[in-house]
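Peer 1: What follows is a predicted structure for the sequence shown.
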Amino acid sequence: MFIAVVGALTLIEPRLITHRHSLLNRFKASVTFAFAASLSSIAWCTFSLWKWGDPLAQAHKTASMNAHRPSLLQPGFMHKLLAVPGDLPGARGPVILGLPVVGIVKALTDRHSAPASDLAIMALAMAGFHGFNAIANGATMARYTLMYSWLFIVLAFYALEAIGASMTFFRSRTAMWLTVITFVVWQAALVAGAHYAPCRIADKLGGVSATVPLRCELRETISWLDAHLSSTDSVVVDDLQYESTDIVRFSKAGSVKYFRVPYIADDTSTLQADLSAFVRANHPRLVVYSPKGQLGRIWRLPAGEGPQSAPGITFPLCRTWQNSEYRVYQISYDGQPCGT
């Protein structure tokens, strides 16, 4: 999207009354830029066409998975509608987003403002495209704003220059440093809050933090596994919103034998058969389970502490740890009751 907008701006030069180059030369420059900037995308599309028969296989897969998410995890219409307008102020802060509004208006109304006007068009086009994807395809993750919200930082300083034409203070170094310091403090607060705030707040801040940390409940689960898994263990890992990959990657689960459950299984009967075979062959000690994950939708285990039985596992499950999103069960092979 970004490359297409830049290519179009190169072709039409919307802020110039008299074009500096002929239409043919502008067309050549636009096509050359778009082709050169898109080489990696062209290579990936070619590989996808060869590998999966669809040049946009991964994009179509993501859209399909978003569309087929369990109804419990589907974002509501108001969430989709407000995702981008809400995430942008959170990602950049009120000052860095307030000033660009002035900068965009000034750039689009001043015919002598190039290249600021081009940046304004690019920022609006990217935000509009993200907003459309959020509403149409459920692509509401706040971290998507990080791909284009840097444009608003440039427009903020353009706004300072534009306002400074009539208000001396905004031309001063003080105004510039206040803007920079406000932005840095805001970003530092987001990073700190995403790591140290209570989970309910940390997870919201993490989506717009520059470090994009793992969700709080996921970090807690990984820490518990690191403290309790041994090198001789094996483990079954449920998947909540494709987080099983992170559990395997960042915890000790990746260094032992593990069975990773897919987030959305097309054939749950085959999945349970494969899981049963893994249990019989490896006798895993722990099961990482999420009520909202794939195993949660199949097993529907109650929240009690007593022994639980699950389809495909003939041994009782004893809950040993939990947080708001995950539970860890220990499989009892010796017939001992839970808690002994």
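Peer 2: Okay, I see it. Please read all numbers here as calculations on a predicted model, not as lab measurements. Residues are numbered from 1 along each chain as shown.
Peer 1: partners of the biggest strand by length in the chain in the sheet?
Peer 2: For the chain, the longest strand by residue count, based on DSSP state E, is strand 313-322. Applying DSSP bridges, strand 313-322 is found paired with strand 308-310 (antiparallel), strand 327-331 (antiparallel).
Peer 1: Now do it: distance to the chain's middle.
Peer 2: 32 Å (CA atoms, centre = their mean, to the nearest Å).
Peer 1: Now do it: everything it contacts.
Peer 2: 224, 228, 275-276, 279, 286-287, 301, 304-305, 307-310, 327-333, 338-339 (CB atoms under 8 Å, 6 or more residues apart in numbering). Using the backbone N, CA and C atoms, a C-beta is placed for each residue, glycine as well.
Peer 1: Please tell me how far the closest residue to Arg300 other than its chain neighbours sits from Leu240.
Peer 2: Among residues not flanking Arg300 along the chain, Pro291 sits closest, at 7.9 Å (CB to CB, 6 or more residues apart in numbering). Taking CB to CB, to the nearest Å as the measure, Pro291 falls 9 Å from Leu240.
Peer 1: all strands in the chain, in order from the N-terminus.
Peer 2: So, for the chain - with DSSP E - the strands run 234-237, 257-260, 286-289, 308-310, 313-322, 327-331.
Peer 1: tell me the most buried of those?
Peer 2: Counting by mean count of other CB atoms under 10 Å, strand 286-289 has the highest mean neighbour count of the strands of the chain, with a mean of 26.
Peer 1: That one pairs with which strands?
Peer 2: In its sheet, and by DSSP bridges, strand 286-289 pairs with strand 234-237 (parallel), strand 327-331 (antiparallel).
Peer 1: Now for Ala165: which residues touch it?
Peer 2: Ala165 neighbours (CB under 8 Å, 6+ apart): Arg171.
Peer 1: Phi and psi next, for it.
Peer 2: Dihedral angles of Ala165 (phi, psi; degrees, to the nearest 10) stand at phi -60, psi -30.
Peer 1: give me every residue that touches the residue nearest to Arg300.
Peer 2: 300-301, 303, 327 are the contacts of Pro291 under CB under 8 Å, 6+ apart.
Peer 1: got it, and Arg327?
Peer 2: Per CB under 8 Å, 6+ apart, neighbours of Arg327: 288-291, 301, 319, 321.
Peer 1: Equivalent analysis for Val279, please.
Peer 2: So Val279 contacts 236, 312-313, 315, 331 (CB under 8 Å, 6+ apart).
Peer 1: Name the nearest residue to Phe278, sequence neighbours excluded.
Peer 2: That would be Phe259: by CB to CB, 6+ apart, it lies 4.3 Å from Phe278.
Peer 1: how much space between that neighbour and Gln272?
Peer 2: 11 Å.
Peer 1: what does Phe278 give?
Peer 2: 11 Å.
Peer 1: what sits in contact with each of the two?
Peer 2: By CB under 8 Å, 6+ apart, no residue touches both Phe278 and Gln272.
Peer 1: Residue ranges in the chain under the pLDDT threshold?
Peer 2: 1-3, 5-21, 62-76, 111-114, 138-143, 170, 305-306, 312, 335-340 (pLDDT under 70).
Peer 1: how about the helices in it?
Peer 2: Secondary structure of the chain, counting by DSSP state H: helices at 2-12, 23-37, 39-52, 57-67, 77-109, 116-137, 150-164, 173-196, 199-206, 216-228, 244-250, 268-282, 294-299.
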